[in-house]
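Trainee: Provide a 3D model corresponding to the input given below.
(chains A, B, C and D)
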Protein chains: 2
Amino acid sequence: MTGRTKGHHMKAEELRLLRFLAHGGAERTPVDITSREVGEHLEVSQQAADRYLVQLSKQGLIARSLGARKQRLTLTPAGVEVLRKEFHAYRRVFEGPARLGFSGQVASGLGEGRYYLSQPGYIVQFQERLGYTPFPGTLNIRVDPKELLRIDGLRDWEGIRIDGFQASGRTFGGASCYGGRINGRPCHLIRPDRSHYQDVVELIASECLRESLGVHDGDTVSVEMEES
Amino acid sequence: MTGRTKGHHMKAEELRLLRFLAHGGAERTPVDITSREVGEHLEVSQQAADRYLVQLSKQGLIARSLGARKQRLTLTPAGVEVLRKEFHAYRRVFEGPARLGFSGQVASGLGEGRYYLSQPGYIVQFQERLGYTPFPGTLNIRVDPKELLRIDGLRDWEGIRIDGFQASGRTFGGASCYGGRINGRPCHLIRPDRSHYQDVVELIASECLRESLGVHDGDTVSVEMEES
DNA sequence: ATTACTAATCGCCGAGTAA
DNA sequence: TTTACTCGGCGATTAGTAA
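Mentor: You can find the predicted model right below:
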């Protein structure tokens, strides 16, 4: 369920194996196959194929149940997500940067945004990777639940990675940022790895968006995301 | 121009590099970049990045011209094809098998088909990989030149590989086969690596298609290709 | 049959450095 | 500055084989 947070990239064979399983329908229906057959398809030894299967399983990308005769493989949601991201990366190449527009109502958060955005561990990363230090506070937008699935397509975008860290004895989680505009003004949508909201998206910008846009709770705003 | 005939697969980093270059527009416009920058993006050393560039260049997937300051990189058509094939493989996963229909007129070939299809070097491969021994003769279909670009999309499909070989002192080239139906009857479209025709596609089947379909030169036939 | 461990080999990565 | 060579080290692969 949680995205591939770690930045260590997959090796080509593991990716091809994942794709092979998806091709065989392992997203929906378990696929019965031996490590030998996997090896034949990938043109590697049975031993290597088996290691790949073990690795993918460890990474939570496939689920294995070993029978005496064959093993039964299923892609996990995380495995599917890896493939969808790859797909999207290629689509980006051939079809240009994706766009995603939606609108929603300004909402009050729980004041967490301010707390998180004040953490130096985050600030240095924002400065480094977004090119600015965000105003300490997120603008929360409540969107129509029907739109959520579409907005969730952002998961496939490359995004700008903000890594989690430890500080003062607690853990701060990672997040991904996506560039866009709200009512024409540049901002980033920030999606924490472990999101707490369902129908709320959080935006950050260098200034206080509430002020610079002159909006209040309940006001409708329109957001235009564009992939870099 | 010639497709990646060799079956030795690319490593993940080379593929990512190729995609990175395409992302930077190297398909159309040369990209100026140093091996250090490439390494940073791929998160490998400058030396490794350089090796990848050399490899890709050797494989004819990119063109390099070294300046004193940066190198100028362009994707070759072969490089673009590699990426397009990857793209298509993922699309196949998420959007199901592609279909491609076209129609054309039965045409006479030069009798080469019979000669090639009689070569034992090909026959064993057909039997092994297509599951039948083709009737020794291709059915040639002349198609509307306007359709050619669309039909050329077949290049992205996975296809069934027939390898080239040497026999009696000469070289026989490789080809790719794609499954489909002509007027409802199963057949394979065969696309030699070095194609001699422009607006003609060649079909093979276990029986003589001319007979079993009861068609003659000039008759219009319709072909339905479906990806496996 | 399978999966998967061990041992030996292979090949790749990156540091140092030449050009 | 670049690109790109050599080489030591180590991770990955395969053959053999145990379970």
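Trainee: what's the top helix by length along chain A in contact with?
Mentor: Secondary structure of chain A per DSSP state H: the longest helix is helix A:77-95. By C-beta atoms under 8 Å, 6 or more residues apart in numbering or on different chains, the residues outside helix A:77-95 that reach it are A:1-4, A:10, A:15, A:18-19, A:21-22, A:27, A:56, A:59-62, A:75, A:98, A:155-158, A:227, B:19, B:22-23, B:83-84, B:86-87, B:90-91, B:93-94. Just so you know, the C-beta spots here come from the backbone N, C-alpha and C atoms, and that holds for glycine as well.
Trainee: and stretch A:65-77, is it in reach of DNA strand D?
Mentor: No: judged by C-beta under 7 Å from any atom of the strand, stretch A:65-77 makes no contact with DNA strand D; its nearest approach is 10.2 Å.
Trainee: buried stuff in that stretch?
Mentor: Residues of stretch A:65-77 classed as buried: A:Gln71, A:Leu73, A:Thr74, A:Leu75, A:Thr76 (neighbour count, 16 or more other C-beta atoms under 10 Å in any protein chain shown).
Trainee: where are the low-confidence patches of chain A?
Mentor: A:1-7 (pLDDT under 70).
Trainee: what does it put close to DNA strand D?
Mentor: Residues of chain A lying near DNA strand D by C-beta under 7 Å from any atom of the strand: A:Lys11, A:Glu13, A:Val44, A:Ser45, A:Gln47, A:Ala48, A:Arg51.
Trainee: over to the residue positioned nearest the centre of chain A. Which of the three states is it?
Mentor: Taking C-alpha atoms, centre = their mean as the criterion, A:Arg155 is the residue nearest the geometric centre of chain A, at 3.9 Å. Classification of A:Arg155 using DSSP: H, G, I helix; E, B strand; the rest coil returns helix.
Trainee: picking up where we left off before, of the residues of chain A next to DNA strand D, which is the most crowded?
Mentor: Counting neighbours by other C-beta atoms under 10 Å in any protein chain shown, A:Glu13 leads those with 22 neighbours.
Trainee: correct me if wrong: that one contacts A:Glu43.
Mentor: No: using C-beta atoms under 8 Å, A:Glu13 is not in contact with A:Glu43, being 9.2 Å away.
Trainee: residues contacting the residue in chain A positioned nearest to DNA strand C?
Mentor: When scored by C-beta to the nearest atom of the strand, chain A has A:Ser35 as its residue closest to DNA strand C, at 3.4 Å. Neighbouring residues of A:Ser35 by C-beta under 8 Å, 6+ apart: A:Gln46, A:Gln47, A:Ala49, A:Asp50, A:Leu53, A:Gln71.
Trainee: now, which of the residues you listed sits nearest A:Ile182?
Mentor: Closest approach to A:Ile182 among these (C-beta to C-beta): A:Leu53, at 44.9 Å.
Trainee: could I get stretch A:91-108 in PDB with only the CA atoms?
Mentor: Listed next in PDB are the C-alpha coordinates belonging to stretch A:91-108 (Å, rounded to 0.1, in the frame of the first residue of the first chain):
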ATOM      1  CA  ARG A  91       4.000   8.000 -21.200                       C
ATOM      2  CA  ARG A  92       5.500  11.200 -20.000                       C
ATOM      3  CA  VAL A  93       8.300  10.700 -22.600                       C
ATOM      4  CA  PHE A  94       5.900  10.200 -25.500                       C
ATOM      5  CA  GLU A  95       2.900  12.200 -24.600                       C
ATOM      6  CA  GLY A  96       4.400  15.100 -22.800                       C
ATOM      7  CA  PRO A  97       3.900  16.300 -19.200                       C
ATOM      8  CA  ALA A  98       0.500  15.300 -17.700                       C
ATOM      9  CA  ARG A  99      -1.900  17.800 -16.500                       C
ATOM     10  CA  LEU A 100      -4.500  17.500 -13.800                       C
ATOM     11  CA  GLY A 101      -7.000  20.100 -12.800                       C
ATOM     12  CA  PHE A 102      -9.500  20.100 -10.000                       C
ATOM     13  CA  SER A 103     -11.400  22.400  -7.800                       C
ATOM     14  CA  GLY A 104     -12.400  22.400  -4.100                       C
ATOM     15  CA  GLN A 105     -13.200  24.400  -1.100                       C
ATOM     16  CA  VAL A 106     -10.700  25.900   1.300                       C
ATOM     17  CA  ALA A 107     -10.900  24.100   4.600                       C
ATOM     18  CA  SER A 108      -9.300  24.400   8.000                       C
END
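Trainee: give the buried residues for that stretch.
Mentor: A:Arg91, A:Arg92, A:Val93, A:Leu100, A:Phe102, A:Gly104, A:Gln105, A:Val106, A:Ala107.
Trainee: quick revisit: excluding chain neighbours, what is closest to the residue of chain A closest to DNA strand C?
Mentor: A:Asp50 (4.1 Å; C-beta to C-beta, 6 or more residues apart in numbering or on different chains).
Trainee: which is the next helix or strand following the helix or strand where that neighbour lies?
Mentor: Assigned by DSSP states H and E, A:Asp50 belongs to helix A:46-58. On the C-terminal side of helix A:46-58, the nearest following helix or strand under DSSP H and E is strand A:62-66.
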